[in-house]
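Peer 1: Just need the structure, nothing else, for what follows:
(one chain, ligands or ions: 2)
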Amino acid sequence: MVNTKGLIFDIQSFSVHDGPGCRTTVFMSGCPLSCRWCANPESWVKKPHIMFSELSCKYEKGCRICKDKCTKKGLSFDKENKPVLNFNICKYCTTFECAKACYQNALKVCSKEYSTEELMNILTRDSNNWRSGGGVTFSGGDPLSQSNFLLEILKKCKEKGIHTAIETTAYSKEEIFLDVMKHIDFAFIDIKHMDREKHKDKAGVYNDLIHSNITSLAKSSWKGRLVLRMPVIHGFNDNDDNILQLVKFMNFNGLVEINILPFHRLGESKWTQLGQSYDYSLEGDVSDSRLKEIQNMFLQNSIVCYIGHDTLF
Ligand code: SF4
Ligand code: SF4
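Peer 2: Ligands and ions are numbered 1, 2, ... in the order given. Purely as a prediction, here's the structure:
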């Protein structure tokens, strides 16, 4: 029997915005995109890796517990006695002695391996909370990055009658994408920008595959519900031309629902904890009035548009 293991960086019970009802959201590691505003940049690396939170660190209270724990010269202390990671060394680490020593969780290993059995046990436990209409949502990262594990879990969920949802970029080989979708009841698919060059510039890949997969899904016999999702970022994708291109694409594919998400900076501290610089500290905000205007552009073209957490399930 196949026993694939999956890498997961978070599991949240009692989610109410990731699909119908009360759900368990499973955040899977790995993503083919690299959006410069990403709220979950810890998902990008598909292996356990270290994060350091200066806010949680007790160095100002004299804590030095992690000092000398690293045998690879990955950890030093600056003039203020604050721990400093050398991420060029840490990215190859597999032992994480520093994190084992830190009781404050300031040094934290992100992502953990789960077997299908371990994950199914968690879902079975949580199913008592779901009541009718709830279920599991696979998010990330992009769950399609671990399609073998995802497929195994999805089949087990369906055997147990569990409602399944996915949040995905749809950036994957068409065959894999459609195979996964066969086991999905509800999907949020991300759209970042309709222009392929602008998409590549900020999300790291061209959007052709995403669009062709959405079209293939729309033409297929899939019976699930699809809501497109777009983070609205001022100066990037909030212009009329981009919205009208998206309206055209949705009309062409017979898609009737979109969820637009106001830009937020919830991921900013994670970029710092991973030793990376964040481009959107000062930009990206979109006004409520512009969100309403965009909503109206969709509504005028027979597309239901939900703002933020207003999606009707
Ligand atoms: S053990 Fe943790 S809390 Fe203490 S100095 Fe090291 S990182 Fe900070
Ligand atoms: S993650 Fe590994 S290499 Fe980096 S400081 Fe910790 S123990 Fe050292």
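
Peer 1: give the contact list for the residue of the stretch 101-250 of the chain found nearest ligand 1.
Peer 2: For the stretch 101-250 of the chain, the residue closest to ligand 1 is Cys102, as judged by C-beta to the nearest ligand atom, at 3.2 Å. Every C-beta, even on glycine, is put in place using the N, C-alpha and C of the backbone. Cys102 makes contact with Ile65, Cys66, Lys108 under the criterion C-beta atoms under 8 Å, 6 or more residues apart in numbering.

Peer 1: Packing partners of the helix or strand harbouring the last one?
Peer 2: Looking back up the chat, that one is Lys108. Using DSSP states H and E, Lys108 falls within strand 107-110. The contact analysis (3 or more C-beta pairs under 8 Å, 6 or more residues apart in numbering; DSSP states H and E) places strand 107-110 against strand 49-52, helix 97-101.

Peer 1: out of those, deepest packed?
Peer 2: A comparison of the helices and strands packed on strand 107-110 by mean neighbour count, using mean count of other C-beta atoms under 10 Å, puts strand 49-52 on top with a mean of 22.

Peer 1: ok, back up a step: and the residue of the stretch 101-250 of the chain closest to ligand 1, what pLDDT?
Peer 2: Note for Cys102: predicted pLDDT of 97.

Peer 1: got it, and Leu266?
Peer 2: We have a pLDDT of 86 for Leu266.

Peer 1: ok, now which ones touch the closest residue to it other than its chain neighbours?
Peer 2: Nearest non-adjacent residue to Leu266, counting by C-beta to C-beta, 6 or more residues apart in numbering: Ala39, 5.1 Å away. Applying C-beta under 8 Å, 6+ apart to Ala39 gives the contacts His264, Leu266, Gly267, Lys270.

Peer 1: Sort out which residues of stretch 29-49 are buried, please.
Peer 2: 29-33, 35-46, 48-49 (16 or more other C-beta atoms under 10 Å).

Peer 1: Buried members of the contacts of Ala39 into PyMOL, please.
Peer 2: Entered in PyMOL, the line below selects the buried ones among the contacts of Ala39, by 16+ other C-beta under 10 Å:
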select buried, resi 267+270
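
Peer 1: Kindly check the end-to-end length of stretch 82-97 for me.
Peer 2: 17 Å (C-alpha to C-alpha, to the nearest Å).

Peer 1: thinking again about what came up before, take the buried residues of stretch 29-49 and keep only those in helices.
Peer 2: Nothing among the buried residues of stretch 29-49 maps onto helices, per DSSP state H.

Peer 1: Which members of those occur in strands, if any?
Peer 2: Among those, the members found in strands (DSSP state E) are His49.

Peer 1: Doesn't Asn121 lie inside a strand?
Peer 2: No: per DSSP: H, G, I helix; E, B strand; the rest coil, Asn121 lies outside any strand segment and is helix.

Peer 1: From Lys158, how far off is it?
Peer 2: In this view, Asn121 and Lys158 are 17 Å apart by C-beta to C-beta, to the nearest Å.

Peer 1: Which one's more surrounded, the two?
Peer 2: In this view Asn121 and Lys158 are compared by other C-beta atoms under 10 Å, and Lys158 has more residues nearby, 15 against 12.

Peer 1: Distance check, that one against ligand 2.
Peer 2: Applying C-beta to the nearest ligand atom, to the nearest Å, the value for Lys158 to ligand 2 is 39 Å.

Peer 1: Leu282 now?
Peer 2: Distance, Leu282 to ligand 2, by C-beta to the nearest ligand atom: 31 Å.

Peer 1: tell me which element that residue is part of?
Peer 2: Leu282 belongs to no helix or strand, assigned by DSSP H and E.

Peer 1: number of nearby residues for it?
Peer 2: By the criterion of other C-beta under 10 Å, Leu282 has 7 neighbours.

Peer 1: For it, what are phi and psi?
Peer 2: Backbone torsions for Leu282, taken as degrees, to the nearest 10, come to phi -120, psi 0.

Peer 1: so what's the residue nearest in space to the middle of the chain closest to, chain neighbours aside?
Peer 2: Centroid check for the chain by C-alpha atoms, centre = their mean gives Gly140 as the closest residue, at 3.2 Å. Spatial nearest neighbour of Gly140, excluding adjacent residues (C-beta to C-beta, 6+ apart): Met28 at 4.6 Å.

Peer 1: so what's that neighbour bridging to?
Peer 2: Ile8 (DSSP bridges).

Peer 1: Go ahead and confirm it touches Val136.
Peer 2: No: between Met28 and Val136 there is no contact under C-beta atoms under 8 Å: 11.6 Å.
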